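Chemist: What follows is a predicted structure for the sequence shown.
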Amino acid sequence: MVNLKPVLRYGLVILTLGLLWELSATGLGGIILPHPKAAVGAFISAMGTQIFWEHFGVSAYRAITAMAIAWGIAFPLGLIMGSVKRIDNLLAPFIFLTYPIPKIVLLPIFLLLLGLGDAAKIAMIALILGYQILVTTRDGVRAINPKYYDSVRSLGGSQWDVLREVLIPAALPHGFTALRLGTGVSVAVLFFVESFATSRGLGYMIMDAWGAMDYLGMFTGILGMSMMGAALYEIANLMERQACKWMFLRGK
Amino acid sequence: MLTAENLSKSYGGEAVLDNVSFSLGADETLAIVGPSGCGKTTLLYLLSGLAQADSGAAFLGGRRIDRTSFDISIILQDYGLLPWRTVIENVALGLKIQGVGAKERTERAREQLVELGIAGRDAEFPANLSGGEQQRVAIARAFVSRPRLMLLDEPFSSLDALTRERLQRTLLDVWKKRKVPFVLVTHSLDEAVVLGKRIMVMSSRPARPVAVFDNPGFGDESIRDTEGCFKLLKELRHTVEDLW
């Protein structure tokens, strides 16, 4: 049976945003900010074209690859830093000194080092998202109640058992929450990195249409990016619910 | 046979345990009573191998307890169940660590849950169970790996009176079948009389044994209604009033 509640919730939000959009478009004359009916019409038409899906596919590939790399590196590193004091003492100063630096300013360096292709863009997104996952996971591991370690050790458990039975499952919700919240940041960074040195991706599509004063085309890209952001958030949400069932118990 | 010889332990320069010695036979149970924070939990940690004594040693069957082992099960305060594992996974955890195959450990865990009167909740998470049910799961987990010694750290302290009495009976029933010796730490004199074949009274911190009582009525299901129980409780109360 399909759960209608999220569908209704999303429907209500889209309706409210649409109303606000319509009011704003009317107020601004409907050129710079097209009416939602025209923008959505153009978006639906674009969805029937191959070129839109090519841009969407390239952007989705960059975002998903970056998220997977960020999670694959930052989550295990967060586990290690949170649980091995000596390594944390060594790495934490690096992490916390560099955490406040706006990593996006390093994009030109990434482009010089990794070239104009996807690698620099993916690395940029992964770096920014990776910091969030790393810090959240590390803090999550440090907050684990020691009684759970005792619980496994008292049964004769080894370090490996503690890792498998306590550290990983207890840290997963923190890692997934950071990933879920990081989808918004990932898409924002994706837009920025696709504004440079590329002719593919939704970010390029938006900026190209903006340069040509094709505002309906620009909004097609914006709506496409919004759709991708919402989809990534929901995918991360579903993964979290699947991997951390105990966090989403009825009545909890 | 469990033997503790002159166990002492300090934390941060403060003595917690001071020369604790006792022994426990293969079919005995020992209830240790003492004021809150006196060091009872520390004693159980030393006996389980989770912590090491500064001086003295404990032996189980002649082997020195210097690390945790499959022979000793401990039920921690607040049950020690892993919230991210289901009931059956929690009960089978010790067997999994021992390398018992998935099918066998699930079967054994299920049998143990049935024995503890908590069948049909296998797939649920601990947060969905009541305090009494969680405690039954914790007891099942401790018994399922067939230990040679059980340690219980105030296992029923957070339960209501009726649930507590029911679980005390359940624990005794399982003990009568298995005859696994256990050391129970409690601050309830009543619980000590119901579950302890011998009762050891500890002083306040640093904890040291100050009196040991034999409990001839141990194992009697209606011990609470006996003259001997009233007498023993009176003696215990008299002892602790002078100490705590």
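Modeler: Yes, it's here.

Chemist: Could I get the buried residue list for the lowest-mean-pLDDT helix or strand in chain B?
Modeler: Lowest mean confidence among the helices and strands of chain B (mean pLDDT, DSSP states H and E): helix B:227-243, at a mean of 81. Within helix B:227-243, the residues scored as buried using 16 or more other Cβ atoms under 10 Å in any protein chain shown are B:Cys229, B:Leu232, B:Leu236, B:Thr239, B:Val240. Quick note: C-beta positions are derived from backbone N, CA and C, even for glycine.

Chemist: cool, stretch B:18-28 as well?
Modeler: B:Asp18, B:Val20, B:Phe22, B:Leu24, B:Glu28.

Chemist: for the record, mean pLDDT for that stretch?
Modeler: Per-region confidence: stretch B:18-28 scores 88 on mean pLDDT.

Chemist: residue contacts, B:Phe213?
Modeler: B:Arg198, B:Ile199, B:Met200, B:Val201, B:Leu232, B:Glu235, B:Leu236 (Cβ atoms under 8 Å, 6 or more residues apart in numbering or on different chains).

Chemist: ok, now A:Gly203?
Modeler: Neighbouring residues of A:Gly203 by Cβ under 8 Å, 6+ apart: A:Ser59, A:Leu190, A:Phe191, A:Phe192, A:Val193, A:Glu194, A:Ser195, A:Gly221, A:Met225.

Chemist: Can you classify B:Val212 by secondary structure?
Modeler: For B:Val212, the assignment made with DSSP: H, G, I helix; E, B strand; the rest coil gives strand.

Chemist: Now it. Nearest residue, chain neighbours left out?
Modeler: Excluding its sequence neighbours, the residue lying closest to B:Val212 (Cβ to Cβ, 6 or more residues apart in numbering or on different chains) is B:Met200, at 5.0 Å.

Chemist: I figured the one you found was touching B:Glu28, is that so?
Modeler: No - shown here, B:Met200 and B:Glu28 do not form a contact pair, counting by Cβ atoms under 8 Å, at 11.6 Å.

Chemist: residues near residue 147, how many?
Modeler: The chain I'm using is chain A. 16 (other Cβ atoms under 10 Å in any protein chain shown).

Chemist: Not quite, go with chain B.
Modeler: Neighbour tally, B:Pro147, other Cβ under 10 Å: 22.

Chemist: Am I right that it sits in a strand?
Modeler: No - membership of B:Pro147 in a strand is not supported by three-state DSSP, which gives coil.

Chemist: The residue lying closest to it once chain neighbours are set aside: helix or strand, and which one exactly?
Modeler: Nearest residue to B:Pro147, sequence neighbours excluded (Cβ to Cβ, 6+ apart): B:Ser73, at 4.1 Å. Secondary structure from DSSP states H and E places B:Ser73 in strand B:72-75.

Chemist: Figure out the helix or strand that residue 46 lives in.
Modeler: Using chain A. Going by DSSP H and E, A:Ala46 is part of helix A:36-47.

Chemist: you looked at the wrong chain, it should be chain B
Modeler: helix B:40-48.

Chemist: Return the set of buried residues in that helix.
Modeler: B:Lys40, B:Thr41, B:Thr42, B:Leu43, B:Leu44, B:Tyr45, B:Leu46, B:Leu47, B:Ser48.
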